[in-house]
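> Here's a sequence, model it:
(one chain, ligands or ions: 1)
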Amino acid sequence: MATDTESRHGMWSSRWLFILAAAGSAVGLGNIWKFPYLAGENGGGAFVLLYLVCIAFVGVPIMMAEVLLGREGRQSPINTMRQLTRQHNRSALWVLIGWAGVVAGFLILSYYVVIAGWSLFYIGQMASGALEGATGAQADALFNDFLADPWQMIMWQTIFMVLTVYIISRGVVKGIETAIRWFMPTLFVLLFVLLGYAVTSDGWAQGVDFMFGLDFASLDGNSVLVALGQAFFTLSLGMGAMMAYGAYVPNSAPIGSTVVIIALLDTVVAVAAGLVIFPIVFANGLETGQGPGLMFVTIPLAFGQMPLGIVFGTIFFVLVSFAAITSAISISEPALAYLVEEYNAKRSRVAISLGVICWVLGIGTVLSFNHWADVHIVGNMTYFDFVDYVSQNIMLPLGGMFIALFAGWALPKTVIGAQLGIDDGWLSVLWKIVCGIVAPVAVLIVFLGVLFG
Ligand code: PFF
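As a prediction, this is how the structure comes out:
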């Protein structure tokens, strides 16, 4: 049974293992695949700045809120919210935060697994030397041929889903902890190697200029929403994943500094990925705004031209796949933990059922790149665009807004004080302002801006 100090699902061995696990959740396709292509589509530097502002003023306080709620409840987000609302006599409607998170998790995982499957496919392509010495046009063609073949994509989607289900069914704490000890440092080293390559490429200056040059004219109201949505997505916020992980954090860990370290690690990886990708784009005359294919064309191209590129390229996609798995695991944790608690079900059974549902939902994403490419759900959005947009840009920010409101206003000061290790002085006022006002109001303004915009 859960007690005040331990979760029935297990506990992280130390504060640093929580940092690694949370960074494992945060660092994923969102950093290496999505951030560069969103920056590319939204004109670069000004978007990057907006994103950083969202991380600092909205992301960090909301991550603190999630972790503290999780640690206070020590259960899945749904049951944590249930317990806290009962204990402090608050409306049961707050529990919807937990339910919405579970729905968002299904949607996100369904397409996440498909894209992660692409990176599995590229492991084989890199290892076989198929991209050695390839030109931009050849790298482009390889990717487009892959997208045109739904069966290939479904095969890789299935393999990735089976791997994810296997790991989550074995239990998060041990599985992740072991994988993560060597994966995060290796990822940093490899990004550094790639950065070295990018610095010496002809496109470096142009790439840096694109990432940090401030051209506000390239932004519109929607870019602000996209930057905000990306901040939530990349930090794994707004759907209870960090709340679920927070439930396993030892009481001795200080929440504030721990969360800042996680956010910094995540941001460094995203910015480094952009600084690797854009110089290669410019040096090879590729398009910055080419969308989801960006990483899958530029990175193989760069490795194809490098000495030992086959080895490094293969390792790179292995790592992207690992980064994706450690995130995928955390996306499913809120639903998984809830079902295990509620039905006293075996983790492995629940994991398989979740996997099957997400796999089926993911077929729509696969088809969005070929047979259904011209089927538009709203405006000119494909099924994938739609699921991605609704989950990332609407559900996560809204979920995060209510989490912040709950932690800022509905929880008694004493609970917050004990969790954050602060007394009733100015820090407690600062918390009210940042978590109770700044973060939720920022989300609201962006929403209203887009609605009436
Ligand atoms: N943060 C992950 C990434 O950047 O790839 C994605 C993610 C993980 C989103 C967990 C949401 C989540 F709950």
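
> all contacts plus neighbour counts: C-alpha atoms, from now on.
Will do.

> which residues of the stretch 201-350 of the chain fall in helices?
204-212, 221-234, 241-246, 255-283, 294-304, 309-343, 347-368 (DSSP state H, counting those that start in this stretch).

> Output these as CSV; include the columns distance to Met155, mean neighbour count and mean pLDDT.
Putting the helices of the stretch 201-350 of the chain into CSV (distance: least, C-alpha to C-alpha, whole Å; neighbours: other C-alpha atoms under 10 Å; pLDDT from 0 to 100) gives the following:
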stretch, distance to Met155, mean neighbour count, mean pLDDT
helix 204-212, 35, 20, 94
helix 221-234, 26, 24, 91
helix 241-246, 27, 31, 96
helix 255-283, 27, 21, 94
helix 294-304, 18, 24, 89
helix 309-343, 15, 23, 91
helix 347-368, 10, 20, 96
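
> For the stretch 301-450 of the chain, what lies in contact range of the ligand?
The stretch 301-450 of the chain comes close to the ligand at residues 327, 330-331, as judged by C-alpha under 6 Å from any ligand atom.

> same thing but at 8 Å, please
323-324, 327-332 (C-alpha under 8 Å from any ligand atom).

> closest to Leu29 out of the helices of the stretch 201-350 of the chain?
When the helices of the stretch 201-350 of the chain are compared by C-alpha to C-alpha, helix 309-343 sits nearest Leu29, at 5.7 Å.

> Now do the closest one: distance to the chain's middle.
Distance of helix 309-343 from the chain centroid (C-alpha atoms, centre = their mean, to the nearest Å) equals 10 Å.

> The residue of the stretch 51-200 of the chain found nearest the ligand: what's it in contact with?
Per C-alpha to the nearest ligand atom, Gly105 is where the stretch 51-200 of the chain lies closest to the ligand, at 6.4 Å. By C-alpha atoms under 8 Å, 6 or more residues apart in numbering, Gly105 lies in contact with 239, 331-332, 334-335.

> got a list of what the most centrally placed residue in the chain touches?
Residue closest to the average C-alpha location in the chain (C-alpha atoms, centre = their mean): Thr234, at 3.6 Å. For Thr234, the contact set (C-alpha under 8 Å, 6+ apart) comprises 26-28, 30-31, 266.

> With Leu405 instead?
Residues near Leu405 by C-alpha under 8 Å, 6+ apart: 435-437, 440.

> Out of the residues you listed, who's the most crowded?
Cys435 (29 neighbours; other C-alpha atoms under 10 Å).

> and that one, what is it in contact with?
For Cys435, the contacting residues are 61-62, 65, 404-405, 407-408, by C-alpha under 8 Å, 6+ apart.

> what does stretch 363-372 contact?
Outside stretch 363-372, the residues touching it (C-alpha under 8 Å, 6+ apart) are 110-111, 114, 147-150, 153-154, 373-375, 382-384.

> Sitting in helices, which of the contacts of Leu405 do you find?
Pro440 (DSSP state H).

> closest to the ligand among the contacts of Leu405?
Of all the contacts of Leu405, Pro440 has the smallest distance to the ligand: 18.6 Å, by C-alpha to the nearest ligand atom.

> Pull the contacting residues for the closest one.
Applying C-alpha under 8 Å, 6+ apart, the residues contacting Pro440 are 58, 400-402, 404-405.

> give me that answer again for 6 Å
Contacts here follow C-alpha atoms under 6 Å, 6 or more residues apart in numbering; on that basis Pro440 touches Met401.

> how close does it get to Gly133?
50 Å (C-alpha to C-alpha, to the nearest Å).

> Quick one: the contacts of Thr234 as a markdown table, columns for distance to the ligand and secondary structure too.
As requested, the contacts of Thr234 are exported to a markdown table (distance: C-alpha to the nearest ligand atom, whole Å; DSSP: H, G, I helix; E, B strand; the rest coil):
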| residue | distance to the ligand | secondary structure |
| --- | --- | --- |
| Ala26 | 4 | helix |
| Val27 | 5 | coil |
| Gly28 | 3 | coil |
| Gly30 | 3 | helix |
| Asn31 | 5 | helix |
| Asp266 | 8 | helix |
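
> Give the single residue among these positioned nearest to Trp204.
Asn31 (19.7 Å).

> For the closest one, list the residues it contacts.
Under the contact definition (C-alpha under 6 Å, 6+ apart), the residues listed for Asn31 are Ala270.

> Can you pull up the residues of the stretch 1-150 of the chain that come close to the ligand?
Residues of the stretch 1-150 of the chain lying near the ligand (C-alpha under 8 Å from any ligand atom): 25-32, 34, 105, 108, 112.

> If we use 6 Å, what do you get?
Contact residues (C-alpha under 6 Å from any ligand atom) of the stretch 1-150 of the chain with the ligand: 25-31.

> in the helix or strand of the chain with the lowest mean pLDDT, what's buried?
Across the helices and strands of the chain, mean confidence by mean pLDDT, DSSP states H and E is lowest for helix 172-200: a mean of 81. By 16 or more other C-alpha atoms under 10 Å, the buried positions in helix 172-200 come out as 172-173, 175-177, 180, 183-184, 187, 190-192, 194-195, 197-199.

> From the contact counts, what lies against it?
helix 255-283 (3 or more C-alpha pairs under 6 Å, 6 or more residues apart in numbering; DSSP states H and E).

> Let's see that with 8 Å instead.
helix 15-26, helix 255-283, helix 309-343 (3 or more C-alpha pairs under 8 Å, 6 or more residues apart in numbering; DSSP states H and E).

> want to throw those helices into a markdown table with distance to Glu6?
Formatted as a markdown table, the helices and strands packed on helix 172-200 follow (distance: least, C-alpha to C-alpha, whole Å):
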| stretch | distance to Glu6 |
| --- | --- |
| helix 15-26 | 14 |
| helix 255-283 | 17 |
| helix 309-343 | 14 |
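
> Identify the residues contacting stretch 427-434?
57, 61, 408-409, 413, 417, 422.

> Output the helices of the stretch 201-350 of the chain as JSON lines; include the columns distance to Leu396.
Listed next are the helices of the stretch 201-350 of the chain as JSON lines, based on distance: least, C-alpha to C-alpha, whole Å:
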{"stretch": "helix 204-212", "distance to Leu396": "25"}
{"stretch": "helix 221-234", "distance to Leu396": "6"}
{"stretch": "helix 241-246", "distance to Leu396": "11"}
{"stretch": "helix 255-283", "distance to Leu396": "17"}
{"stretch": "helix 294-304", "distance to Leu396": "24"}
{"stretch": "helix 309-343", "distance to Leu396": "12"}
{"stretch": "helix 347-368", "distance to Leu396": "18"}
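
> Next up, phi/psi of Met381, please.
Dihedral pair for Met381: phi -80, psi 130, per degrees, to the nearest 10.

> One more: Gly203?
phi -90, psi 0.

> Tell me how far it lies from Leu275.
According to C-alpha to C-alpha, Gly203 stands 10 Å off from Leu275.
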